[in-house]
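In: pasting the sequence and the predicted model now:
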Amino acid sequence: MSAVTTTSVSMAKALNAALRDAMAADERVVVFGEDVGQLGGVFRITDGLLATYGEQRCFDTPLAEAGIVGFAVGMAMSGLRPVVEMQFDAFAYPAFEQITSHVAKLRNRTRGALGVPIVIRVPYAGGIGGVEHHCDSSEAYYAHTPGLKVVTPGCVEDAYSLLREAIDDPDPVVFLEPKKLYFTSAEASLPVTTPGFGRAVVRRPGRDATLIAYGPSVPVALEAAEAARDEGWDLEVIDLRTLVPFDDETVTASVRRTGRCVVVQEAQGFAGMGAEIAARVQERCFHSLHAPVLRVAGLDIPYPPPKLEHLHLPGVDRVLDAVARLQWDDQPDPRWVAA
């Protein structure tokens, strides 16, 4: 690994460092995808890897996502550890059949004899003023597919550590990178170790209600929690970090303590991750809840034009509106009590 330094690091640089360190640590790690070699990727996440490790370990591919993932399956079956980039979230859909029919099922199909240690990096979600096919929040598709681990960092440190862990994992990982956080920076020491897969983190402790967020929604939840102080609400913020595996323990412990919960996601609300999280909380924390679990999500529409995305994406005001709709007298609202 590279030497430990403490400096201001962007998420893009942290991801680049994770790839660089993983390639240095294990010669089986190969990186490829559309424009990841000469250009260094659209967002420059793979910048410099071709020059350092050569075209046998970092190379460009044709514009054929199904072929990219299919190629990675064969490489993984042959003992390599491929890391592939889907240039944008919606560009990954042509590879979806490969991911769901083969990548996710090979270990089960071979009764555990054959794993495919593939990392599928997907720049996802909005906030960059992108057009259609460049800003989808596609996490629910992957989380619904047994056999895949689904990871999305919400901070610089997690971007590095979770990507390193994903590359080391013996099974396939869909690694969702929030595009709007690529060039946010934080003081960080790399390399860094954080809690591993399946462990959520309390980013801000609080006593009155729990905000659950992941990936690009984590900064929104944190900003909302700070703004809520002016209203007299002390909000706890949980960063899930990994959607699969899911950390029920941390989530339920928080909600049982606060008695109220709001889930924040960029994706459309219907049948999204927020619905699954709300169901799990209701099942496990029913007798501790003072109000129904609420969701703040994107609108149930195709991704809008850039000038309208601010209306589509959940912001601080929408989160605070949801918090205000929670019951604050600690008494059951008759509307929610069965006759």
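Out: Yep, that arrived.
In: use CA for all of it now, contacts and neighbours both
Out: Will do.
In: can you give me the buried ones in stretch 154-170?
Out: Neighbour counts over stretch 154-170 (16 or more other Cα atoms under 10 Å) mark 154-169 as buried.
In: out of these, who's nearest V30?
Out: In terms of Cα to Cα, no member of the buried residues of stretch 154-170 lies closer to V30 than I167, at 10.1 Å.
In: leaving out sequence neighbours, find the closest residue to V151.
Out: Nearest residue to V151, sequence neighbours excluded (Cα to Cα, 6 or more residues apart in numbering): T242, at 4.3 Å.
In: ok, the one you found touching F197?
Out: Yes - in this structure, T242 is within contact of F197 by Cα atoms under 8 Å, at 6.1 Å.
In: overlap in contacts of those two?
Out: Shared contacts of T242 and F197, defined by Cα atoms under 8 Å, 6 or more residues apart in numbering, comprise V151.
In: got the contact list for stretch 213-225?
Out: The contact list for stretch 213-225 (Cα under 8 Å, 6+ apart) reads 125, 152-155, 176-178, 180-181, 203-204, 211-212, 233-241, 263-266, 314-317, 319-320.
In: contacts only, for the residue most central in space within the chain.
Out: Against the mean C-alpha coordinate of the chain, by Cα atoms, centre = their mean, the closest residue is T152 at 1.8 Å. Contact criterion Cα under 8 Å, 6+ apart gives F175, L176, E177, P178, Y214, G215, R241, T242, L243 as the residues in contact with T152.
In: change it to 6 Å
Out: By Cα atoms under 6 Å, 6 or more residues apart in numbering, T152 lies in contact with L176, E177, G215, R241.
In: with L49 instead?
Out: For L49, the contact set (Cα under 6 Å, 6+ apart) is empty.
In: from G127, how far out is it?
Out: From L49 over to G127 the distance is 27 Å, taken as Cα to Cα, to the nearest Å.
In: same question, E223
Out: 16 Å.
In: quick one: the strands in the stretch 51-200 of the chain?
Out: 58-60, 81-85, 119-124, 149-151, 173-178, 185-190 (DSSP state E, counting those that start in this stretch).
In: between those, which gets nearest to A17?
Out: Nearest to A17, of all these, is strand 185-190, at 8.0 Å by Cα to Cα.
In: return the closest one as PDB; C-alpha atoms alone will do.
Out: Presented in PDB, the C-alpha positions along strand 185-190 are these (Å, rounded to 0.1, in the frame of the first residue of the first chain):
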ATOM      1  CA  SER A 185     -13.100  16.600  -0.300                       C
ATOM      2  CA  ALA A 186     -12.300  15.700   3.200                       C
ATOM      3  CA  GLU A 187      -9.200  15.500   5.400                       C
ATOM      4  CA  ALA A 188      -8.200  11.800   5.200                       C
ATOM      5  CA  SER A 189      -5.300   9.500   5.700                       C
ATOM      6  CA  LEU A 190      -4.900   6.900   3.000                       C
END
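In: next one: phi and psi at the closest residue to E55 other than its chain neighbours?
Out: The spatially closest residue to E55, leaving aside those adjacent along the chain, is G37, at 7.7 Å (Cα to Cα, 6+ apart). Backbone geometry at G37, expressed as degrees, to the nearest 10, gives phi -90, psi -90.
In: could you do R318 as well?
Out: Main-chain torsions, R318, degrees, to the nearest 10: phi -70, psi -30.
In: tell me the pLDDT at it?
Out: Listed pLDDT for R318 reads 97.
In: how many residues are close by it?
Out: A count of nearby residues for R318, using other Cα atoms under 10 Å, gives 15.
In: distance check, it against P205.
Out: 21 Å.
In: one step back: so what's the residue nearest to E55 up against?
Out: L50, C58, F59, D60.
In: buried ones among the residues you listed?
Out: For those, a burial check counting by 16+ other Cα under 10 Å picks out L50, C58, F59, D60.
In: run through the bridge partners of the third one.
Out: Right, the one you point to is F59. F32 (DSSP bridges).
In: show me what the strand or helix carrying A267 pairs with in its sheet, parallel or antiparallel.
Out: Per DSSP states H and E, A267 falls inside strand 261-268. The pairing partners recorded for strand 261-268 under DSSP bridges are strand 209-213 (parallel), strand 294-298 (parallel).
In: right, so of the strands of the stretch 51-200 of the chain, which gets closest to A113?
Out: Of all these, strand 81-85 sits nearest to A113, with 16.5 Å by Cα to Cα.
In: so which elements touch that closest one?
Out: Judged by 3 or more Cα pairs under 6 Å, 6 or more residues apart in numbering; DSSP states H and E, strand 81-85 is in contact with strand 29-33, strand 119-124.
In: against which helices or strands is the first one packed?
Out: If I follow you right, that is strand 29-33. The contact analysis (3+ Cα pairs under 6 Å, 6+ apart) places strand 29-33 against strand 58-60, strand 81-85.
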